[in-house]
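>>> test case, fold it:
(one chain, ligands or ions: 1)
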Amino acid sequence: MANRKPLIAGNWKCNLNHLEAIALVQKIAFALPAKYFDKVDVTVIPPFTDIRSVQTVIDGDKLLVTYGAQDLSEHDSGAYTGEISGAFLAKLGCTFVVVGHSERRTLHAETDEVVLGKTTAALRHGLTPIVCIGEGLEVREAGDHVAYNVAQLKGSLAGLSSDEIAKIVIAYEPVWAIGTGRVASAADAQEVCAAIRATLAELADASVAASVRVLYGGSVSSKNVGEIVGQTDVDGALVGGASLKSDEFATLSAIAAGGPLP
Ligand SMILES: O=C(CO)COP(=O)(O)O
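Numbers count the residues shown, from 1 in each chain. I've put the predicted structure just below:
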């Protein structure tokens with residue numbers, strides 16, 4: 001994983017109200033003493049309605065966990081009912097924002113063009129976008145997964161400058177591995193993450209490509225995270241189900257930090 005600090009991001013999806021969120025953040029922080037944060041960045045990505053409460057507990061208790069949002073609008077303000085501006089997220093102290101998660105691409109018909117608009121909006125407000133890409137099962141079975149992910153990455157980052165690309169995190173999440181318990185092998189993750197890095201070198205340059213964090217996501221748990229983040233081009237994980245359990249999430253974060261177990 002070269003000199004890149006691993007990042008473990010817990011995507012809570014549509015789970016936990018703001019009271020449950022406070023309890024989970026406190027438990028995660030309690031299980032992960034300060035020494036781990038020199039070696040791993042840990043962030044939680046709760047629903048929008050939890051963010052203010054999460055901010056209050058993290059700021060109040062001076063916790064080292066950061067937080068972010070699961071989506072944002074392409075627009076900064078205006079007549080866009082139901083949309084959340086990146087400006088609002090920045091004001092709430094968010095560090096990260098997930099963009100183009102496969103659940104949004106599929107359930108909300110987000111195209112690469114929309115994902116690019118959201119990525120640009122995140123950067124405009126000083127948020128770090130975690131740009132998600134990943135192939136479905138048919139593409140994987142046809143053996144077209146590398147080309148598919150490279151095309152999705154190029155579409156999602158089209159026209160961004162090297163400086164902008166340097167500020168992004170990429171997450172490779174094969175759709176067939178999300179919430180299924182069917183984790184990609186470490187070699188599968190490495191193959192696509194290496195292709196992502198080679199594409200970043202093409203879109204920006206070699207030094208930017210060497211600095212950008214590329215995460216794997218899809219059924220990550222404390223049982224498989226060690227092998228996955230041990231791959232040369234995998235710099236952490238975007239974790240769904242396992243991020244809702246404090247002990248499990250703390251354990252897998254500690255493994256990504258290189259131990260010891262909490
Ligand atoms: O979609 C994911 C994270 O964004 C992965 O979810 P699971 O870890 O539940 O498979």
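
>>> quick one, grab the pLDDT at Pro262.
The score at Pro262 is 85. That number is its pLDDT.

>>> that one: how many residues sit nearby?
Pro262: 15 surrounding residues under other Cβ atoms under 10 Å. For every residue, glycine as well, the C-beta is placed using N, CA and C.

>>> distance of it relative to Phe37?
Using Cβ to Cβ, to the nearest Å, Pro262 is found at 12 Å from Phe37.

>>> the residue of the chain positioned farthest from its centre and the ligand, how far apart?
Going by Cα atoms, centre = their mean, the residue of the chain most distant from its centre is Ala79, 28.6 Å out. Plainly put, Ala79 is 30 Å away from the ligand if you go by Cβ to the nearest ligand atom, to the nearest Å.

>>> do Gly143 as well
Between Gly143 and the ligand the distance is 23 Å, computed by Cβ to the nearest ligand atom.

>>> ok, Val214 next?
14 Å.

>>> confirm for me that that residue is in contact with Tyr172.
Yes - taking contacts as Cβ atoms under 8 Å, Val214 lies within contact range of Tyr172: 6.6 Å.

>>> overlap in contacts, those two.
193, 196 (Cβ atoms under 8 Å, 6 or more residues apart in numbering).

>>> more neighbours, those two?
Between Val214 and Tyr172, Tyr172 has the larger neighbour count (other Cβ under 10 Å), namely 30 against 25.

>>> ramachandran angles for the closest residue to the more buried one other than its chain neighbours?
Distance criterion Cβ to Cβ, 6 or more residues apart in numbering; nearest residue to Tyr172, sequence neighbours excluded, is Val192 at 5.0 Å. For Val192, the backbone dihedrals (degrees, to the nearest 10) come out as phi -70, psi -40.

>>> neighbours of Val192, how many?
27.

>>> could you do the one 5 residues further on as well?
A total of 21 residues lie near Arg197 under the criterion other Cβ under 10 Å.

>>> contact partners of the host helix or strand of it?
Element membership of Arg197 [criterion: DSSP states H and E] is helix 186-203. Outside helix 186-203, the residues that touch it by Cβ under 8 Å, 6+ apart are 133, 145-146, 149-150, 153-154, 157, 160, 162, 165, 170, 172, 174, 208-210, 212, 214, 216, 224, 227-228, 230-234.

>>> which ones among these map onto helices?
Per DSSP state H, helices hold the following members of those: 145-146, 149-150, 153-154, 162, 165, 208-210, 227-228.
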